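Participant: coords below, sequence missing:
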DNA sequence: TACAAAAAGTGGACTAGACCACTAGCTTTT
DNA sequence: AAAAGCTAGTGGTCTAGTCCACTTTTTGTA
């Protein structure tokens, strides 16, 4: 095993004494032995996922610093007693999450910054607020079954006039108005949605647990606007104050549209963050 | 080869006659033969990438419809004369791009909607406008070397007071003002940046070609605001009209911060779109 | 005919090797 | 002292299989 021979070699040797070729007295090596996770061979969780998780923990807690070398793929394969392809699958995940990066012909390294921003994700308002340590709540303004408007029908890939639920909620963060949200859901996908308590529970939780709808991805578009009088009244801001309007369409496992939503956030209390990655499209 | 036996079997047989077990007279099969790409075995582009591209074209042009079955992995491996692992690598990419999805024990299917929205990506303003069919241009307002403010130093991971370039540009779309952009770049990474023509060329192009800086990912946060008098004047809108403010930090290959930018868009002409995917973090 | 059991097919996981292009560090030559 | 060449190590790619859990289809039986 090898923690930092090439790049961090000088730095490490300065601190811990020579650690070329597995110096057993090196604190780093001992720490490695302690944090090494034994693989559960007869588990349902695949080996690559276990290795991925183990390495993730090592990066986070053991605190491998930025730029430090990672054990090579062949080394990792040997230590965990698996094939190199399995190790590569674990590393692929870590790379995708931005925790490591590879240099061909050189090695694998721990990324500089951990991505720890609270990005907008597939979860809804409730999940987002909880992640930020804020207590979310809702005030149900309206829940009725209507015929889809042209826009909604296009979003949800329905024929014009198909039945959809229209759900209008005022979203509160720590009791203060934060956003006004109008959601449209095809009635076909979630019959009798109105029997659930939508003020306490996360809509997405209900959809997942009770209607077996899994979110796969979402398309969002954001724009700035001036608050209308109604919106201003609901959010407790001045009319024509700036608001952030987010339009979102959520797609399920087979990429069928599940939800079309329109959320108006107070500009003074809300900011949306995203992480963009290199895409191959 | 098999195009849609299980799921779309009924539908296809109805139209083209039976196509179980490779019916040579089936138009679909003939079309497949025609569009089949022969792999360039001694090319630098890896086989999995070639297969991926070939399948991508088939999905797009041949127009395999949503929900139709895809050839099985074993079939694809045989047709292309490669190992199944290689096919899986190609399919992994397609899956990641949302073009196909898998059902364990059942098969691979073409996704419903193609993701064709013009998402915000790592490219800059110029690239984005070009993708939308709009001609971008810039008016250079300022380019000077300053000491990093606290905020900028934090974004760029520099010591307070380190030298950075401050670049202020008015961004035009088809000649009309669209956004006001202030960019900060560490002088260390791109010395003598001021010798390039920043009104004509894309900044990112210059950074890539001349300073060997490759973008890896970016973190963006968006908020709505009211235009200040200066901004309003520059953008040609009324003071306190709503604007969309985007703060962006771009990271390079080894995740070191490259650029910190602050862009103020006219709300009436600009909308930012994103695609969110399931993340495992 | 209805139903259960078996068979066939699928994607997911994994192995134990192989070759390649590339890089860094060392050695030798100039 | 500088340049050129060598070599070991790395990630990237690829093969030709295996076994598993799962679903759909077929088959055999009551």
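Facilitator: Structure's in. What do you need? As the structure is a computational prediction, the values presented were derived from the model and not from experiment. Numbers count the residues shown, from 1 in each chain, chains lettered A, B, ... in the order given.
Participant: Against DNA strand D, how distant is residue A:216?
Facilitator: Distance, residue A:216 to DNA strand D, by C-beta to the nearest atom of the strand, to the nearest Å: 18 Å. Where you see a C-beta, it was placed from the backbone N, CA and C, and this is true even at glycine.
Participant: what angle separates the helix or strand hosting that residue from strand B:215-226?
Facilitator: According to DSSP states H and E, residue A:216 maps onto strand A:215-226. Strand A:215-226 runs at 40 degrees relative to strand B:215-226, counting by axes from the mean of the first three to the mean of the last three C-alpha atoms, to 10 degrees.
Participant: Get me the contact residues on chain A for DNA strand C.
Facilitator: A:6, A:46-49, A:81-86, A:89, A:103-106 (C-beta under 7 Å from any atom of the strand).
Participant: Sticking with the residue nearest to residue A:262 when sequence neighbours are not counted, tell me its helix or strand.
Facilitator: Counting by C-beta to C-beta, 6 or more residues apart in numbering or on different chains, residue A:262 lies nearest to residue A:182, which is 4.7 Å off, once chain neighbours are set aside. Residue A:182 belongs to strand A:176-186 when elements are defined using DSSP H and E.
Participant: Show me what that strand is packed up against.
Facilitator: For strand A:176-186, the packing partners by 3 or more C-beta pairs under 8 Å, 6 or more residues apart in numbering or on different chains; DSSP states H and E come out as helix A:150-156, strand A:163-173, helix A:229-235, strand A:257-266.
Participant: for that strand, the distance to its chain's centre please.
Facilitator: Centre-to-centre, strand A:176-186 and its host chain are 21 Å apart (C-alpha atoms, centre = their mean, to the nearest Å).
Participant: can you list contacts of it?
Facilitator: If you take C-beta atoms under 8 Å, 6 or more residues apart in numbering or on different chains as the criterion, strand A:176-186 is touched by A:125, A:148, A:152, A:155-156, A:158, A:162-172, A:193, A:203, A:207, A:231, A:234-236, A:257-266, A:269-270.
Participant: Just the buried subset of those, please.
Facilitator: In those, burial by neighbour count holds for A:125, A:148, A:152, A:155-156, A:158, A:164-172, A:193, A:203, A:207, A:231, A:234-235, A:257-266, A:270, counting by 16 or more other C-beta atoms under 10 Å in any protein chain shown.
Participant: Tell me which residues of stretch A:126-142 come out buried.
Facilitator: Neighbour-count burial for stretch A:126-142 flags A:126, A:128, A:129, A:136, A:137, A:138 (criterion: 16+ other C-beta under 10 Å).
Participant: Can you tell me the closest non-neighbouring residue to the fourth one?
Facilitator: The shortest distance from residue A:136 to any residue other than its chain neighbours is 3.8 Å, reached at residue A:129 (C-beta to C-beta, 6+ apart).
Participant: Wait, a strand at that neighbour?
Facilitator: No: the assignment for residue A:129 by DSSP: H, G, I helix; E, B strand; the rest coil gives helix, which leaves it out of any strand.
Participant: quick one: contacts for it?
Facilitator: Contacts of residue A:129 by C-beta under 8 Å, 6+ apart are A:135, A:136, A:173.
Participant: Could you point out which of those is nearest to DNA strand D?
Facilitator: The nearest member of these to DNA strand D, counting by C-beta to the nearest atom of the strand, is residue A:136 at 34.6 Å.
Participant: The closest one against residue A:124, yeah?
Facilitator: No: contact between residue A:136 and residue A:124 fails when scored by C-beta atoms under 8 Å: they sit 9.1 Å apart.
Participant: bridging residues for residue A:242?
Facilitator: Taking DSSP bridges as the rule, residue A:242 bridges to residue A:226.
Participant: need the contact list for it.
Facilitator: A:224, A:225, A:226, A:227, A:267, B:224, B:225, B:226, B:242, B:243.
Participant: Repeat that for residue A:228.
Facilitator: Residues near residue A:228 by C-beta under 8 Å, 6+ apart: residue A:239.
Participant: Need the phi and psi values for it.
Facilitator: Torsion angles at residue A:228 (phi, psi; degrees, to the nearest 10) stand at phi -80, psi 170.
Participant: Tell me the confidence at it?
Facilitator: In this model, residue A:228 is scored at 96, pLDDT.
Participant: so where do the strands sit in the stretch 1-150 of chain A?
Facilitator: For the stretch 1-150 of chain A, the strands defined by DSSP state E, counting those that start in this stretch cover A:100-103, A:107-110, A:136-147.
Participant: what sits up against stretch A:87-101?
Facilitator: For stretch A:87-101, contacts defined as C-beta under 8 Å, 6+ apart pick out A:48-49, A:51-52, A:55-56, A:59, A:70, A:73, A:76-77, A:80, A:102, A:108-111, A:114-115, A:275, A:277, B:216-217, B:253-255, B:279-281.
Participant: Please identify the buried residues of it?
Facilitator: Across stretch A:87-101, burial judged by 16+ other C-beta under 10 Å covers A:87, A:89, A:90, A:91, A:93, A:94, A:97, A:98, A:99, A:100, A:101.
Participant: Quick one: work out the angle between the longest helix seen in chain A and helix B:84-96.
Facilitator: Taking DSSP state H as the criterion, chain A has its longest helix at helix A:84-96. Angle of helix A:84-96 versus helix B:84-96, following the same axes, to 10 degrees, is 20 degrees.
Participant: Just want the phi and psi numbers for residue A:191.
Facilitator: Residue A:191 adopts backbone torsions of phi -60, psi 150, taken as degrees, to the nearest 10.
Participant: who touches it in this structure?
Facilitator: With C-beta under 8 Å, 6+ apart, residue A:191 has no contacts at all.
Participant: how much space between residue A:134 and residue A:127?
Facilitator: Note on residue A:134: its distance to residue A:127, by C-beta to C-beta, to the nearest Å, is 11 Å.
Participant: Quick one: low-confidence residue ranges for chain A.
Facilitator: Along chain A, segments meeting pLDDT under 70 span A:1-37, A:62-68, A:112-117, A:279-281.
Participant: Apply 50 and report the result again.
Facilitator: Scanning chain A for pLDDT under 50 picks out the ranges A:1-36, A:280-281.
Participant: Quick test: name the residue nearest the centre of it.
Facilitator: Taking C-alpha atoms, centre = their mean as the criterion, residue A:121 is the residue nearest the geometric centre of chain A, at 4.8 Å.
Participant: Quick check: that one touching residue B:276?
Facilitator: Yes: between residue A:121 and residue B:276 there is a contact under C-beta under 8 Å: 6.0 Å.
Participant: And whichever residue of the stretch 51-200 of chain A sits closest to DNA strand C, its phi and psi?
Facilitator: Distances between the stretch 51-200 of chain A and DNA strand C by C-beta to the nearest atom of the strand are smallest at residue A:105, namely 2.6 Å. Here is the backbone geometry of residue A:105 (degrees, to the nearest 10): phi 80, psi 0.
Participant: and residue A:198, how many neighbours does it have?
Facilitator: 16 (other C-beta atoms under 10 Å in any protein chain shown).
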